[in-house]
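Asks: the following block contains a protein sequence and its predicted model.
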Amino acid sequence: MPKNLLFTSLSLISGISKYQEKEEGSFKGMEIEKNSTFVISGTYSNVNNFWGISVQNTGTEDYFYTFDVEEDTKFYSKGAEISADQIREGDKLKVTYDGSVSLVYPPKLNAVSKVEIVEEKKIDE
């Protein structure tokens with residue numbers, strides 16, 4: 001019995017240390033963590049009169065998140081800084097935030113620091 005307890009204790013300790021020594025850029029679900037910031041990708045859309053990003057999951061569920069634009073939030077397209085009003089419905093976005101999500105409806109990404117257009121919606125001619 002004491003050997004099992006010791007093994008369990010060592011397993012817990014090694015599990016905790018592995019978590020703390022996580023490599024930069026490791027995957028967490030649909031997000032990529034880099035230096036205490038998270039990046040999530042999705043399509044900018046309007047769902048039930050809420051603007052945000054629709055995230056396509058490879059499983060059975062898709063997700064929708066809203067986010068607030070703060071004074072220090074930066075917007076980019078093709079490496080150049082742009083204004084927030086240049087983002088259009090259907091654009092594919094990469095949103096950098098602090099990793100926390102407010103449990104409201106719809107869920108809201110907190111402390112968004114950067115929004116990047118990675119693919120613009122094609123305009124029908």
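Replies: Perfect, I can see it now. Numbers count the residues shown, from 1 in each chain.
Asks: do a quick rundown of the helices in this structure.
Replies: Assigned by DSSP state H, the helices in the chain fall at 2-20.
Asks: what about the longest strand in it?
Replies: For the chain, the strand reaching the highest residue count under DSSP state E is reported as strand 37-47.
Asks: avg pLDDT for it?
Replies: For strand 37-47, the mean pLDDT works out to 92.
Asks: which residues does it contact?
Replies: With contact meaning Cβ atoms under 8 Å, 6 or more residues apart in numbering, strand 37-47 is reached by 28, 30-32, 51-56, 63-65, 87-99, 106, 109, 113, 118. To be clear about C-beta, it is placed using only N, CA and C from the backbone, and glycine gets the same treatment.
Asks: what's the burial count for Asp68?
Replies: 11 (other Cβ atoms under 10 Å).
Asks: for stretch 49-65, C-alpha coordinates in CSV please.
Replies: The C-alpha trace of stretch 49-65 is given here as CSV (Å, rounded to 0.1, in the frame of the first residue of the first chain):
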residue,chain,number,x,y,z
ASN,A,49,-27.2,40.7,-33.8
PHE,A,50,-23.9,40.0,-32.1
TRP,A,51,-20.6,40.6,-34.0
GLY,A,52,-17.7,38.3,-33.4
ILE,A,53,-15.8,35.3,-34.7
SER,A,54,-17.2,31.9,-35.6
VAL,A,55,-14.7,29.2,-34.9
GLN,A,56,-14.9,26.0,-36.9
ASN,A,57,-14.0,23.0,-34.9
THR,A,58,-13.0,19.6,-36.4
GLY,A,59,-15.4,17.9,-33.9
THR,A,60,-19.1,18.1,-33.8
GLU,A,61,-19.5,21.7,-32.4
ASP,A,62,-18.7,25.1,-33.8
TYR,A,63,-18.1,28.1,-31.4
PHE,A,64,-18.9,31.8,-31.6
TYR,A,65,-17.1,34.5,-29.5
